[in-house]
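Mind folding the following:
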Amino acid sequence: MILYHGSNVEIENIDLSKCRPYKDFGQGFYLTTIKEQALQMANRVSRIYGGSPSVTIFEFNENIFDHKDIRIKKFDGPMKDWALFVINNRNKGLIIAEDIEHNQDNKYDIVIGCIANDDLALLFRQFSNGLIGVDTLIKEMAYKKLTDQYSFHSGKALKYLKKVGVFYE
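Predicted coordinates for the structure are as follows:
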């Protein structure tokens with residue numbers, strides 16, 4: 001499978017310590033199956049931080065799903081568990097407890113699911129501030145067009161990615 005990473009620089013070596021925390025699935029290296037989405041991200045990051053938009057292309061070895069030593073969390077769409085997982089990972093004040101599902105501690109090597117894009121930001125804020133309940137959150141998410149993301153959180157997971165190219169805007 002081919003995955004794309006949009007940035008303001010070509011990715012030569014993935015350094016997880018340079019990845020920002022408090023993202024949808026925790027601190028990690030994020031990719032997508034959608035070339036146009038990666039290009040949009042590359043343009044956005046370049047506008048904010050400078051540099052030149054570039055999309056680094058990786059081949060993802062899907063044999064990883066057969067390995068028991070890799071911890072994978074996969075969400076099959078925008079559902080309650082996914083929304084709470086994303087909200088918890090974005091929460092800088094999260095008090096980590098075993099009954100709260102999150103990946104701030106990188107317990108998962110890879111997380112796969114939808115991107116919580118800007119269309120969902122308002123809904124998530126309304127839910128987090130107690131203005132809407134979980135049922136309304138789930139119902140409203142059904143009307144949003146969401147795309148995919150793959151996040152890698154450990155060195156052993158990164159071994160299943162192979163850089164195969166790059167293109168520039």
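
Pull the number of nearby residues for the nearest residue to Asp69 once chain neighbours are set aside.
Counting by Cβ to Cβ, 6 or more residues apart in numbering, the nearest residue to Asp69 once its immediate chain neighbours are dropped is Lys156, at 7.2 Å. (Each C-beta comes from the backbone N, C-alpha and C, glycine too.) Lys156: 15 surrounding residues under other Cβ atoms under 10 Å.

where in the chain is pLDDT low?
96-99 (pLDDT under 70).

all strands in it, in order from the N-terminus.
For the chain, strands defined by DSSP state E occupy the ranges 2-7, 29-31, 54-60, 72-74, 110-114, 148-152, 161-168.

related to what we said a few turns ago, in contact with the residue nearest to Asp69: list those residues for me.
69-70, 109 (Cβ atoms under 8 Å, 6 or more residues apart in numbering).

Kindly provide the distance from Ile70 to His153.
For Ile70, the distance to His153 equals 10 Å [Cβ to Cβ, to the nearest Å].

Who has more neighbours out of those two?
For Ile70 versus His153, neighbours defined as other Cβ under 10 Å are more numerous around His153 (24 against 16).

ok, that one touching Leu16?
Yes. With contacts counted by Cβ atoms under 8 Å, His153 reaches Leu16, the gap being 7.0 Å.

which neighbours do the two share?
27-29.

roughly how far apart are Gln40 and Asn117?
Applying Cβ to Cβ to Gln40 and Asn117 gives a distance of 10 Å.
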